[in-house]
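[1] Can you look at this prediction? I've put the sequence above it.
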Amino acid sequence: MKIKLMAILVLLTGWNSFAQKNTDKIKDDLLKHKDSLLSTYVPMIKKKYSIRFFNMSPVELRSKLSEFRTSLLKQGGKDGDPEVSALRPRDADYFIRNVVADYQSSYGRDSMAVVRFREISEKLKNSPNGKKSIDSAARQIYLKKLSDAEKEILSGILLFKPDLNDGILFRRSSAYRQWLDKAINERRPGKSKTGQKLGIYGISVQKINVVLQEIKDPFIREYLNYQSLRMILGSKPGPEEDKLYKDFMAFAINPAYRKELETIYENSKKVLVNAQSPDFSYADVNNKQVSLKDFQGKYLYIDIWATWCKPCIAQIPSLRKVEHDYEGKGISFVSISVDAMKDKPKWLAYVKEHQMTGIQLMADKDFDSDFIRKFNINSIPRFILIDPEGKIVDGNAKRPSDPELRKQLDKLLK
């Protein structure tokens, strides 16, 4: 299901943007054009829920989704394959389950209150006394809440018992895969043992633990663990990295998974602190080649980003300020775009229009570029800190918006 709506939890924790490869045969070929058809039954704008959708009554939503399901299955037609005929209603039901979950997550939401919440959160996120104001703004996002009776009406839409281990449907339904991902996330503790929020590494570790406990289907189990382990090996290494990798390789049978993870694992060992950084040579906005050796004698802070990445864009004002404050202090700033080469004109236009500072480069093969692959970068924004001798200080450095970055730079540049 392509339609996604950020719930309040996402607003609090920020956005992540991922680039992942699909190395196995999973698809979405049971019922086509579900998003387009849905927009004829519930309020949507360009295949995204409108504010009116979240203010529909549960009774109206139930009626509309019932009509939608009937129409969707008719549109699917008849198929000579009995397996496909059996899978289509389940594909429709999981799609509808996801719609209901989105509706519940933001029922009665005030769009202007969301804007105010974001503004207050950004302004006060580093203030020691800001939590009270942020919490107050969060409470004002919802104008109304579902009553128990209304929740009961919604539960009447979901008349089937979901299955965590439907391997056949997993291969052919993105709606089912989306629901399963939500189900796994709901089973995660959500925070670390110390009560801290989790980054990509911690979330992925928790997801692996849930999958090992809850998922019995061998195909789903291997696929999901492979995806999570890719994120773990591609982010900042942690104490469980080696064990998780070895445990996975002990039962993994898919040769593509094994080969890719072996490469990522080997790369992760080559970019540890104090290791010599992989080299790069990429073109700047004037098509001049710039390489790592050009920065010898200075610290180098690298921003890996893309014009389509909202979290990356959100860091640009903070990065610009860091660049300004540390000008002439022995550190260079380079931004490497992983936009596709076909989008080079768009990248050039963005850099010029927004008067981006620092040295602006474009990787030659986006996420498949040699430098990007050697750092196992599959999530952006990503920041890298390199010392004057070309050795890695931090392969997953703090973001410009994080006050800890300045503390680290001040210590290094003394």
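    On my side now, so go ahead.
[2] now the stretch 301-414 of the chain, which segments are flagged as low pLDDT?
    Within the stretch 301-414 of the chain, no range satisfies pLDDT under 70.
[3] now the helices for it?
    310-325, 344-353, 370-374, 403-412 (DSSP state H, counting those that start in this stretch).
[4] Buried ones in the last one, by neighbour count?
    Residues 405, 408, 409 are the ones in helix 403-412 that count as buried (16 or more other C-beta atoms under 10 Å). C-betas here are computed from N, CA, C, even on glycine.
[5] And the helices in the stretch 1-150 of the chain, which stretches?
    For the stretch 1-150 of the chain, the helices defined by DSSP H, counting those that start in this stretch cover 8-13, 34-38, 58-76, 82-105, 111-124, 131-139, 148-155.
[6] Which one of the ones you listed lies nearest to residue 198?
    Across the helices of the stretch 1-150 of the chain, residue 198 has its closest neighbour in helix 8-13 (8.8 Å, C-beta to C-beta).
[7] which one among the buried residues of helix 403-412 gets closest to residue 243?
    Checking the buried residues of helix 403-412 against residue 243 by C-beta to C-beta gives residue 408 as the nearest, at 28.6 Å.
[8] Residue 327: which of the helices of the stretch 1-150 of the chain is closest?
    Nearest of the helices of the stretch 1-150 of the chain to residue 327, taken as C-beta to C-beta: helix 111-124 at 24.6 Å.
[9] quick one: buried residues of the closest one?
    Using 16+ other C-beta under 10 Å as the test for burial, helix 111-124 gives 113, 114, 117, 120, 121, 124.
[10] tell me which of the residues you listed is nearest to residue 277?
    For these, the nearest to residue 277 is residue 121 (34.8 Å; C-beta to C-beta).
[11] Skipping adjacent residues, who's closest to the closest one in space?
    residue 134 (5.4 Å; C-beta to C-beta, 6 or more residues apart in numbering).
[12] list the contacts for the one you found?
    Taking C-beta atoms under 8 Å, 6 or more residues apart in numbering, we find residue 134 in contact with 117, 120, 121, 124, 125.
[13] Quick check: it vs residue 190, distance?
    As for residue 134, its distance to residue 190 is 19 Å (criterion: C-beta to C-beta, to the nearest Å).
[14] likewise residue 117?
    Residue 117 sits 20 Å away from residue 190, taking C-beta to C-beta as the criterion.
[15] can you check residue 345 too?
    Distance from residue 345 to residue 190, by C-beta to C-beta: 42 Å.
[16] between those two, which one's more packed in?
    More crowded of residue 345 and residue 190, by other C-beta atoms under 10 Å: residue 190, with 13 against 9.
[17] Now for the nearest residue to the more buried one once chain neighbours are set aside, how many residues are close by?
    Once flanking residues are discounted, residue 190 sits nearest to residue 198: 7.5 Å by C-beta to C-beta, 6+ apart. Neighbourhood size, residue 198 [other C-beta under 10 Å]: 16.
[18] Quick check: residue 198 touching residue 191?
    Yes. With contacts counted by C-beta atoms under 8 Å, residue 198 reaches residue 191, the gap being 6.5 Å.
[19] Appreciated, that's everything.
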